[in-house]
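J.: the amino acid sequence is not available; the structure is as follows:
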Ligand code: ADE
């Protein structure tokens, strides 16, 4: 590269890293729990000398988790959990200012994405932090599986845990995994408040649609679907829910939502949001019923919930970008279907993911879970298990303290009463 271009590139990188550093610092202001843990880790160094590989969405919030792991004495490598969610300025700042090894670029292709996972595994980490189980699965794969030598791993998502539990059932899982996703401080706040807000944020940023009075269909009423439905309703939308689980469907009905079969919903919806974890939730038979201008967005971890193959098959021409984050598919009768962020996780691909105040608790739980694994000294055998309950309470207590909230404590007599059976 000629010297002029090289220095232009270097100054572009420096500007990018400065912007990333500002974003990381801004997020840090909303992450008092993680900050308190980072400060404790700085003193106690619970990960001194350990190599930790992290596969998460590369965001300002993740950067603050990486800072906590570095402060604990770990060597940290980071790669992206999704090719479309990387904040390039944050990636630049993390490697320039904090010394983490970072692999990931927004819009990277599938080959680069897979190469980055392999690079992290080739560094022979001892602990993995994962979001979607891609890193853990890669650590089990030939030619050089390292899973059996790991101290352990943690997993951030429901989708990842479904995969890991099926590996465990098949006898294929070779390391302990802590299901951080199932801590209460993660599940309740991340899914309900984080996903609820950020998915609507992503769709609004991509489309600029008015939600008030609009017909919004939420496919999947797990904890994330509940959050999305509540926030869409709060914005004035008429919300319909589609579910396969009868109890959840009934709960949605009693919350005041319309509950419909997905084929009935296909005909009345203006905005569709998938959040089930399953493939082909919206497919040809649904597309054929949809109205002109329908918007399709996915909030699930992988881009499998809206069938891109079916969309391509029924469109009369290849999709074209009507806006930066929207591809339009035109059907033979002139109807247009609008796919947001190529069916990839909309809250991270079109917005900035869950707000930092929510990720504060999720990543505090991650940091404590990693320190817990380091203390366990690989004595736990392979298997997916919950992190200790005390971890949840510690995170919640620190969050309440940061908010200046004091809560009651049971008296000895009350405790005795509640524990007795007479
Ligand atoms: N998952 C959802 N939101 C996130 C965020 N802000 N950072 C990292 N991972 C996320």
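T.: Perfect, thanks for sending it. Computed from a predicted structure; not experimentally measured. Residues are numbered from 1 along each chain as shown.
J.: drop to CA atoms for contacts and neighbour counts, all remaining ones
T.: Will do.
J.: for the ligand, what are the nearby residues on this protein?
T.: By the rule C-alpha under 6 Å from any ligand atom, the part of the chain lying against the ligand is 56, 57, 59, 61, 62, 352, 353, 354, 355.
J.: would you list those residues in a markdown table and tack on pLDDT, distance to residue 198 and neighbour count?
T.: A markdown table is the format used below for the residues of the chain next to the ligand (pLDDT from 0 to 100; distance: C-alpha to C-alpha, whole Å; neighbours: other C-alpha atoms under 10 Å):
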| residue | pLDDT | distance to residue 198 | neighbour count |
| --- | --- | --- | --- |
| 56 | 97 | 17 | 23 |
| 57 | 96 | 14 | 26 |
| 59 | 97 | 13 | 26 |
| 61 | 98 | 14 | 31 |
| 62 | 98 | 16 | 24 |
| 352 | 94 | 7 | 21 |
| 353 | 95 | 6 | 24 |
| 354 | 96 | 5 | 24 |
| 355 | 97 | 7 | 20 |
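J.: residue boundaries of the strands in the stretch 101-250 of the chain?
T.: 101-103, 127-130, 152-155, 176-179, 215-219, 238-242 (DSSP state E, counting those that start in this stretch).
J.: just for the protein, where's the confidence low?
T.: By pLDDT under 70, the weakly predicted segments of the chain are 1-11, 377-379.
J.: nearest residue to the residue in the stretch 201-350 of the chain that the ligand sits nearest to other than its sequence neighbours?
T.: The minimum distance from the stretch 201-350 of the chain to the ligand, using C-alpha to the nearest ligand atom, falls at residue 348 (6.4 Å). Distance criterion C-alpha to C-alpha, 6 or more residues apart in numbering; nearest residue to residue 348, sequence neighbours excluded, is residue 85 at 5.2 Å.
J.: which residues of the stretch 1-150 of the chain fall in helices?
T.: For the stretch 1-150 of the chain, the helices defined by DSSP state H, counting those that start in this stretch cover 3-29, 32-44, 60-71, 88-98, 110-122, 134-139.
J.: residue 285 - how many residues pack around it?
T.: By the measure other C-alpha atoms under 10 Å, the count of residues near residue 285 is 12.
J.: list phi and psi for it.
T.: phi -60, psi -30 (degrees, to the nearest 10).
J.: tell me which element the closest residue to residue 199 other than its chain neighbours falls in.
T.: Nearest residue to residue 199, sequence neighbours excluded (C-alpha to C-alpha, 6+ apart): residue 347, at 4.4 Å. Using DSSP states H and E, residue 347 falls within helix 346-349.
J.: the helix or strand just after that helix vs helix 60-71, what angle?
T.: Going down the chain from helix 346-349, the next helix or strand is helix 356-376, by DSSP H and E. Calculated by axes from the mean of the first three to the mean of the last three C-alpha atoms, to 10 degrees, helix 356-376 forms an angle of 30 degrees with helix 60-71.
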